[in-house]
Structure formats: C-alpha cells, structure tokens
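K.L.:
please work out how this folds:
(chains A and B, ligands or ions: 3)
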Amino acid sequence: MKLTLKIWRQTDANDAGGMHTYDVDDVSADMSFLEMLDVLNEQLNAKGEEPIAFDSDCREGICGMCGLMINGEAHGPVTTTTCQLHMRSFTDGETITIEPWRSDAFPVLKDLVVDRGAFDRIIQQGGFISVNTGSAPEAHAVPVPRDDAMRAFNVATCIGCGACVAACPNGSASLFMGAKITHLGELPQGQPERDSRVVNMVAQHDHEGFGGCTNIGECTAACPKEIPLDVISQLNKDLRTAMKHGH
Amino acid sequence: MTDMPDTTLTSDPSHDAPLPVDTDDAADYYTPGAPIADTKAPQGSIDQRWQTRKFEARLVNPANRRKLDVIIVGTGLAGASAAATMGEAGYNVKSFCYQDSPRRAHSIAAQGGINAAKNYKEDGDSVHRLFYDTVKGGDYRSRESNVYRLAEVSTNIIDQCVAQGVPFAREYGGLLDNRSFGGVQVSRTFYARGQTGQQLLIGAYQALERQVAAGTVATFTRHEMLEVIVVDGKARGIIARDMVTGEIETHLADVVVLASGGYGNVFYLSTNAMGCNVTAAWRAHRKGAYMANPCYTQIHPTCIPVSGSHQSKLTLMSESLRNDGRIWVPKKKADCGKDPREIPEEDRDYYLERIYPSFGNLVPRDIASRAAKNVCDEGRGVGPEVDGVRRGVYLDFRDAIARLGKDGVEEKYDNLLDMYERITGENPYEVPMRIYPAVHYVMGGLWVDYDLQSSIPGLFVTGEANFSDHGANRLGASALMQGLADGYFVLPHTIRDYLADGPFEKVDEAHPAVVEARTSVTDRIEHFLTVNGTRSVDSYHRELGHIMWEYCGMERTEDGLKKAIDLIRTLKDDFNRNLKVLGTADSLNQSLEKAGRVADFIELGELMCIDALNRRESCGGHFRAESQTEDGEALRHDDQYAYVAAWEFAGDGEKPVLHKEDLVYTAIEMKQRSYK
Ligand SMILES: Cc1cc2nc3c(=O)[nH]c(=O)nc-3n(C[C@H](O)[C@H](O)[C@H](O)COP(=O)(O)OP(=O)(O)OC[C@H]3O[C@@H](n4cnc5c(N)ncnc54)[C@H](O)[C@@H]3O)c2cc1C
Ligand code: SF4
Ligand code: FES
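P.N.:
Ligands and ions are numbered 1, 2, ... in the order given. This is a model prediction of the structure:
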C-alpha cells in the first residue's frame, strides 16, 4: 500500500519543531508500524536526508521503549504498543499523523523521542520494598492469598511507556503511579512502607509537573496493558489513609 | 512456558566413537597460545568450594567502601542486581544503560520462568540434581564449579525476589507454584504468567532506584559504553557517549563490571531487542579480555517466521506449544503453496514424529530446529517465499482442538495464540500456525574465572555477557537464574577480594591510556561520519546476518565456514569504504549508534566462524556436519574438545590466539545424548 505520513521533526530540545510530509510506497500489511518507519528511514538515508529518530527496543510489547501518537491516539488505534501495531490496521492511500508524546513532564529530545526520566524519579521516591540482598526470609515464610498475588501481578504488568500521560488531557501520571502503589500494596511485603510510599511518590509526581487526575479515563483507554482505572481510586484511598496516620 | 529445557537421555560414551583424522580445520586462521586455567575455584569437594571461596575472599572495611568507585555497564538482571547490592553494601556505584530507563533491559522479555532447587514439590529435586541437569543440558562444555555454585545460590534468589514483591504465580493455599519444563522430571521453575523476566527485572530495577535515592548509585541512561580504559594492566574506567548530546565522557573507577547482555544480533534477525549488541564486550576483548566459545549459539525452534525483507526482529512463541501442537510439512513440494486445510492427512509429513518416534514433537531445541531447516532446504517449507525459499513449518492445533475443545486449548495457551494472530493476521484456531527457528541466546561470551573476573584484572563480567555456566547449550529457565545469581549473590562476594587492595592510585584524565581510549572513540565516530559512501548501516547488518545464519547458524561445515570468513572480510572492507551515516556526532544520532555496533558485529562474526571451524565436533547448539553419527545425530568428541576455547585479540589483521582451558569433571560423568 501507499501512505502519506505527516511526521513531527525537531532537531533537539531547543528547536521549535514542525510537521513534515513524506510519502512511502511498498508498505506491506504484515509490516509492523515501526518497520514501516524503518523503510521510510532507509529511503531518507538514500536521498541524503537524516532519518527520523524514534525509540524502540524489544519490539515485542514488553520493554515500554516505543510510543508514538498516531492520528492523535497514544500507540494508535489498537490496544497494544506501537511496536505491536501492524500496517493491516491501516488502509491504502491513508494519511497518518505521527507525533511524539506530548507532556510538559516528557520533554522532546529529538523528532519522536522524549525524555521519560520523571518516571524513574517517581519510583525512586518509594516504588520499592526496602530489603537488602541476602536479608530476605525464606520465600514460604509468608503465604500470599492467590487472588492478592494475581491482582498484584495484573497491575505489575505496567511497562512504563507513558501512554497514559500522553493520552490524559491533564498530563497526569496517576495510572502509572496507581499501578505501582496497588502492586506493592496488595502484598504483605509492601505493608510497612505503604503510607510513606504513596505520600512521597505523589509529591514527586507533582514536582515533576504532571497534572492532577480528574477521572476522565483516557489513560486506561490508551494503556497497552489495560491497567484498570481503579488503581487510581486505590492510590487516593492510600493517600487519605496516610494523611490520617499523620503523614 | 517459552523456555523449556532440552531433554537428554544418556547412552554410549562418545570416546568410543571413531575420530576424524584431520581435526584442525582452523589451523591457518589462528595462532596457538598457552593453556589457560581458572585459578580461583578452590580445590576440594564440589559442595564446599563456594563456601571456601566466600570465606577466603578478603573483606573491605565498610568505611572504605564509599571511597571505592564501581562502574557497572548494563541494567538487566545481571547488572541491576549487582548495582543494587553493591550500592547497599556502601560502594560508590555508577550504572550505565543505553535505553532511557534501566527497567528496559532485554531481560524484560524473558517469558518462561526461572529455575531454583527449592524442592517445594518434594519430587526429588536438590542442588545436586539442578547442577547435574544444567551440566548435562550444556552437553558437558561448561565449568562444573561455576554450575554447582549457580545451583547452590538459586534458592536464595527466590527468597530475595519474593521479599521485593515479585508477584510469582501461587497456589490456592498461598504458596508458590512451580512447573516442570519439558523433559526435566522435577517441577522447579518459578514463573509469573508468561512475563517472568519482566517481573524479576522490575524487582531488581526497584532495588536499584532505591539505591539511587539513597545516594549510593548514580544512573547514566541513554549512555553507550564505547571503550574500556586499561591503566597499567588494570581496568580503570570506561569511555561512554551521552546518546542525547553526543558528548564523549570519561568515567574512572577502581573496578569495572560488564553486564551488557548477549550478542545474538550478530545474526541481524533474532529474538533480541534492537539495541542488543557486542560493543561493550568486544571493546574489552580488543583491550585484552579473552572471548570464550563465541560460536555457541542457541537457536529456538518456535518463533514466528520471517514475513518479508522488511523484517526487523523475530518473536518467540512459547515452546510449550509443542506439547499439544503437531509439526508437519507437505510431503509433496507442489502442495507447499496450498491452503493447508486442503492437504489430506496422507500427504502430510509429521517429520519429527516420523524421525524420532519416541520423543516426537518434544525433541530438544537443537534437534527440532535443525529438522525444520532440513525440510525447508528440501523445498518443502511453507508460508511466503522470502528470497525465493519458503521458510516455515506448520504447528497444527487441529487435533488438540478435537481432543481438548477450543476452550481447552484457549485455556492452556491463552495469550500466545492471540499474540500470533496480532503479528501474522492469521487465526491459529482455523489455520495451522507457521513457525521457524530463530537465534535466541548466546552461550559464548567473555572468558571469566570462578570470581567472574576476565583476563583483564579489574574487569568483571556477569550474565549473558560471560561464558561460564551454560556450556554448549543452555537449559530453559536458567539464564534468568544465572543473571540474578551473578548479580545478587556471586559478584558482590568475589569482587571484594579484588577491591580489598583498593582504592587504587588515582588516574589522571590526561594519562596516556585515558587519552588513547578517548581518541580511539572519537576517531571511530569521525570515521563513520566521513566515509560518505552509499550504503546504510542496516544494509550491512542485514548482509552480515545473512552470512552468519547461512554458514554459522544451525549447521556448520568446514567449507561453509571458510567461505563465510572470506565473505565477512570482503564485507568489512566494503563497510569501511562505502558506509553512509548522516547527521552529526554531537546530537542524538541513531544511525551513528548502529554503525559502531555493526562494525563490532562484523569483527565478532569472523571470530565466531574461526571458533566454529576449530571445533570439529557437534555439541549442543553447535552442529558440525562433519561430526555426526550414521543416522545424522550430533557426535561429540570429549577426548579432543573438552575445552573452553578462549580467544585473545592479537591486533587488527593479525590471527587471534587460542588459549585452551581444559574442562575437568570430578562430580559428574560425561555422557553422549541420544533421542531415538
Ligand atoms: C525472548 C526471550 C525470552 C527468554 N526467555 C527466558 C526464560 O524464560 N528463562 C530464562 O532463564 N531465560 C530466558 N531468556 C534469556 C534471558 O532473558 C537473558 O539471557 C538474560 O535476561 C540476559 O540478562 P543480562 O542482564 O545478562 O542482559 P540484558 O538484560 O540483555 O541487559 C543488558 C544491559 O546492558 C546494557 N548495555 C548493553 N550494551 C551496552 C553498552 N555498550 N553501553 C551501555 N549499556 C549497554 C543494556 O542497556 C542493558 O541494560 C530469554 C531471552 C529472550 C530474548
Ligand atoms: S499504566 Fe499503562 S499506559 Fe501508563 S505507563 Fe503503565 S503500561 Fe504505559
Ligand atoms: S519496543 Fe518494547 S514495547 Fe515497543
């Protein structure tokens, strides 16, 4: 198939940037979206035009490195990551708009590449259980009810891609944060630090410039791992409890 | 359950087999060197060696630790676990990765599970049995002391991960669930649905970020290590490029750890991530670190086939599918383009069931892979033609659906069949799936002693980047175990013996060795950007991958390997004269990043072929056509090749030097595998 692509190009963080239009032929339905961009980049390189920078690594939907706004939707029209989106989801002759994640907390570094370092800094503020190597008790010392373990697992599947932030009109990272708080909060091992975790992570979130949550739900609709909206309720509940405990 | 082990049966010991007459096919390609030995493993009974070594390794005074600088390249299971643990101990750690966050290292993609000798099922498992299975699975080409230690610390890993909040699968009573993989007769594999690697890595990543907050670890993301700094024979730092600004940075330290993962991407197409590379290891190799058994590659039989020349990577499908799916190709070439549903039963060749009636579709990885290649080479492959050949075989669930019902199949293989449909656009409940083998893991890597120290003092290597634990073939669910064993429980003990002599004399940035390392990095970058040729980096990478896959892939021959070496040398020459990289050095430049990686892959590719040429025996993932039994099975030659091939770099254009480390087994007897 033939496609027209409107792609955001920006030389570095200081450049104003703008949309550029490219045509690609010879796109097959079996290509992944990123392979289609690889093909375009080979064409650009041959013409002497610098290839378009975009992030990806595993290309199997698990590392969270990829992420593009495709026709205004984070990761495009299907509930999956950009790398797992295939060209059979598009039609011959279509025009596709491709932009980077848009959020004050995720500055653009070049073309379609953004800086998501803010996510790591949120985790640093409490997204862990404090246990030094070698000091762990025998694994069977504390049984964990199967349902709790399952629920912890389901939200621990977050890949940290940032689509939830990109999709949110407020640029909130509440879904990402709620997923971590719920994962650790479901487990007995996560209880001792439960209050400080939520308080410190939320403070860092706000400090990074992410917006507040007003329950719109775009985040969960865009999430490739289908992290449910109720992790945000859990987050708010844990925050209230921590306040009550005097944090 | 992606990662199942090889099933091994034992029978006739190989030393009874006839030996080939002329065995050194690689004689013209290398210089023989002095034998090498691991000097660090204590003598004595195998179950006492680790305790002894831990006791003998000198301690570092806590007050001194913060004065000791440790560089760790890599944030996968091997690197993140080491960085977190060293940080907790109070060392001053710098952690590097090329992705934008430590959490994205390719360990994240591991699906199947992690082994540990917990014996929770009371089914006869033990440290010794895990040790035994791992050595046997590695076709007796790994170092027994290292493997025993791996089995020994495996149980601590599970305790540590559970305490970190890793949500492993559990039973109704709240205890941990285990599964048995393939032919292994005990249930010792811990898992978190099909995302075990992700959950383990997130645990290690969180421990690492906790240390960042504590001020003991500094992370350098989007940084690529491009050179090791060796001063007076010791590793004293690295040169890294800030991949956003292009700045070339010098980082000095008392010790350097490489946990940079595997080099499967030398084949271009593999199940590795796009950025997996050999650069960190190869740059160290050029500075004096020996590269061991580079030709040992694991090829996984059940991946989604290549769909066209645009293909950028391959995706693994759980090997557990072979438990219920039946593998076949048409008997007649003329049927290969037909709708498989219209091919009658009598025209189907269930070739694994035919050739290996007792193991059938469950033969080990290497055998299943080679058999698929053979039927496709015969022209009986299925699926789209890529470069004129159909490379795929059917994995058919028709009979399983008839037996278990569609729901039954769905329940067992839930998301796998969906993933297949998403990628191929075909519904596996209606049309048989197509699979083909793909490069998945490399057992080869930098040579290390029992302390995980390379042949450069002060340079330690952990995880897939080293060679020590898996011999010629890795057992499923054991790479995750090794990465975490190395990082949490082995390296932190062994490295202190080295650091006990530190802090070492400060190195000045103006030291000639530092200047040399920096200049070599900047010269190389300058070179890539000024060749101004006509071919893209990707086109070279693809061509290299094609050569490697064809001649140094599933089956290797003397003629093929010699041809490959010539082809690689020609390719290297062309790469140096005709490469085209646009953009600048001082900005984010993905073509430039790739150019450096491909340049190193080209050099590695040549060494892999030389190594494969030298080893005129079939073992594990390495099948030499010249060394097979009458019925076409792999034939090992323990009397000639029970050694680790440790290669020393001798200079550009010079023949590499081969140092052999003899493999001595005191706790286990060598046996030949058989599956018929
Ligand atoms: C699809 C797939 C499924 C698998 N399933 C299983 C399984 O079920 N069970 C099992 O046991 N094993 C499995 N394996 C194997 C296992 O996942 C890997 O061998 C293991 O995770 C490697 O860990 P590592 O820490 O050594 O390297 P990696 O996780 O690959 O990490 C490498 C790190 O090094 C960094 N790095 C590399 N080069 C540089 C450089 N030049 N400069 C700076 N940083 C650099 C990277 O950024 C990264 O942080 C699987 C592998 C694959 C590909
Ligand atoms: S919550 Fe979903 S969208 Fe947000 S970072 Fe995690 S996986 Fe991505
Ligand atoms: S590239 Fe890893 S999730 Fe898309």
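K.L.:
not counting sequence-adjacent ones, nearest residue to the residue in the stretch 351-500 of chain B that ligand 1 sits nearest to?
P.N.:
Residue nearest to ligand 1 within the stretch 351-500 of chain B (C-beta to the nearest ligand atom): residue B:463, separated by 2.4 Å. Where C-beta positions appear, they are placed from N, C-alpha and C, glycine not excepted. Distances taken as C-beta to C-beta, 6 or more residues apart in numbering or on different chains put residue B:78 closest to residue B:463, at 2.5 Å, once the chain neighbours are dropped.
K.L.:
next one: residue B:607
P.N.:
Spatial nearest neighbour of residue B:607, excluding adjacent residues (C-beta to C-beta, 6+ apart): residue B:294 at 5.4 Å.
K.L.:
next, count neighbours for that neighbour.
P.N.:
Using other C-beta atoms under 10 Å in any protein chain shown, residue B:294 has 30 neighbouring residues.
K.L.:
show me the contacts for it.
P.N.:
Each residue near residue B:294 by C-beta atoms under 8 Å, 6 or more residues apart in numbering or on different chains is listed here: B:442, B:444, B:445, B:604, B:607, B:608, B:611, B:647.
K.L.:
count of residues packed around the closest residue to chain A within the stretch 51-200 of chain B?
P.N.:
Of all residues in the stretch 51-200 of chain B, residue B:174 sits closest to chain A, at 3.0 Å by C-beta to the nearest C-beta. By other C-beta under 10 Å, 16 other residues sit near residue B:174.
K.L.:
wait, it touches residue A:141, no?
P.N.:
No. Between residue B:174 and residue A:141 there is no contact under C-beta atoms under 8 Å: 11.4 Å.
K.L.:
joint contacts of these two?
P.N.:
If you check residue B:174 and residue A:141 against C-beta under 8 Å, 6+ apart, no residue is contacted by both.
K.L.:
okay, domains of the chain per the record?
P.N.:
Chain wasn't specified; assuming chain A. Taking automatic domain parsing as the criterion, chain A consists of the domains A:3-110, A:116-130+A:140-244.
K.L.:
nope, chain B
P.N.:
B:300-440, B:512-641.
K.L.:
rank those domains by mean pLDDT and give me the bottom one.
P.N.:
The minimum mean pLDDT among these belongs to domain B:300-440 (a mean of 91).
K.L.:
now do the SS call for residue B:652.
P.N.:
Secondary structure, DSSP: H, G, I helix; E, B strand; the rest coil: residue B:652 is coil.
K.L.:
that older thread, the residue nearest to residue B:463 belongs to a helix?
P.N.:
Yes. Applying three-state DSSP, one finds residue B:78 inside a helix.
K.L.:
that one contacts residue B:483, correct?
P.N.:
Yes. With contacts defined as C-beta under 8 Å, residue B:78 counts as touching residue B:483 at a distance of 4.0 Å.
K.L.:
tell me, what's touching the two both at once?
P.N.:
Common neighbours of residue B:78 and residue B:483 are listed as B:107, B:259, B:462, B:463, B:464 (criterion: C-beta under 8 Å, 6+ apart).
K.L.:
possible to save those residues as a markdown table with neighbour count and secondary structure?
P.N.:
Formatted as a markdown table, these follow (neighbours: other C-beta atoms under 10 Å in any protein chain shown; DSSP: H, G, I helix; E, B strand; the rest coil):
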| residue | neighbour count | secondary structure |
| --- | --- | --- |
| B:107 | 31 | helix |
| B:259 | 33 | coil |
| B:462 | 32 | coil |
| B:463 | 31 | helix |
| B:464 | 32 | helix |
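K.L.:
looking at those, which is nearest residue B:564?
P.N.:
Distances from residue B:564 to the shared contacts of residue B:78 and residue B:483, taken as C-beta to C-beta, are shortest for residue B:464 (23.4 Å).
K.L.:
for that closest one, which non-adjacent residue is closest in space?
P.N.:
Leaving aside its sequence neighbours, residue B:464 sits nearest to residue B:262 (C-beta to C-beta, 6+ apart; 3.9 Å).
K.L.:
thought the one you found was touching residue B:440?
P.N.:
No. Judged on C-beta under 8 Å, residue B:262 makes no contact with residue B:440 at a distance of 9.1 Å.
K.L.:
what's the first helix or strand after the lengthiest helix in chain B?
P.N.:
Ranked by number of residues, the top helix in chain B under DSSP state H is helix B:398-424. Sequence-wise, the next helix or strand downstream of helix B:398-424 (DSSP states H and E) is strand B:433-442.
K.L.:
chain center to that next one: distance?
P.N.:
With C-alpha atoms, centre = their mean, to the nearest Å as the basis, strand B:433-442 stands 14 Å off its chain's centre.
K.L.:
ditto for stretch B:503-522
P.N.:
Put simply, stretch B:503-522 sits 31 Å off its chain's centre (C-alpha atoms, centre = their mean).
K.L.:
from the rest of the structure, what touches that stretch?
P.N.:
So stretch B:503-522 is contacted by B:64, B:67-69, B:226-232, B:234, B:236-237, B:239, B:241, B:248, B:250, B:252, B:254 (C-beta under 8 Å, 6+ apart).
K.L.:
recalculate using a threshold of 10 Å.
P.N.:
Stretch B:503-522 is contacted from outside by B:64, B:67-69, B:92, B:225-232, B:234, B:236-241, B:248-250, B:252-255, B:283, B:286-287, B:458, B:498, B:585, B:596, using C-beta atoms under 10 Å, 6 or more residues apart in numbering or on different chains.
K.L.:
that one and ligand 1 in contact?
P.N.:
No. Stretch B:503-522 lies out of reach of ligand 1 by C-beta under 6 Å from any ligand atom, never closer than 11.6 Å.
K.L.:
list the buried ones in that stretch?
P.N.:
By 16 or more other C-beta atoms under 10 Å in any protein chain shown, the buried positions in stretch B:503-522 come out as B:504, B:507, B:511, B:513, B:514, B:517, B:518, B:520, B:521.
K.L.:
likewise for stretch A:146-166?
P.N.:
Buried residues in stretch A:146-166, defined by neighbour count with 16+ other C-beta under 10 Å: A:146, A:148-149, A:151-166.
K.L.:
out of those residues, who's near ligand 2?
P.N.:
Under the cut-off given by C-beta under 6 Å from any ligand atom, ligand 2 has A:158, A:159, A:160, A:161, A:162, A:163, A:164 from these close to it.
K.L.:
can you redo those residues as a markdown table with distance to residue A:101, pLDDT and secondary structure?
P.N.:
Below are those laid out as a markdown table (distance: C-beta to C-beta, whole Å; pLDDT from 0 to 100; DSSP: H, G, I helix; E, B strand; the rest coil):
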| residue | distance to residue A:101 | pLDDT | secondary structure |
| --- | --- | --- | --- |
| A:158 | 16 | 98 | coil |
| A:159 | 14 | 98 | coil |
| A:160 | 12 | 98 | coil |
| A:161 | 9 | 98 | coil |
| A:162 | 5 | 98 | coil |
| A:163 | 8 | 98 | helix |
| A:164 | 10 | 98 | helix |
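K.L.:
so who does the residue in the stretch 151-300 of chain B that ligand 1 sits nearest to touch?
P.N.:
Residue nearest to ligand 1 within the stretch 151-300 of chain B (C-beta to the nearest ligand atom): residue B:261, separated by 2.7 Å. The contact partners of residue B:261, by C-beta under 10 Å, 6+ apart, come to B:73-79, B:97, B:105-107, B:272-273, B:275-278, B:280-281, B:442, B:445, B:463-465, B:483.
K.L.:
swap in 6 Å and give it another go.
P.N.:
B:76, B:106, B:276, B:464, B:465 (C-beta atoms under 6 Å, 6 or more residues apart in numbering or on different chains).
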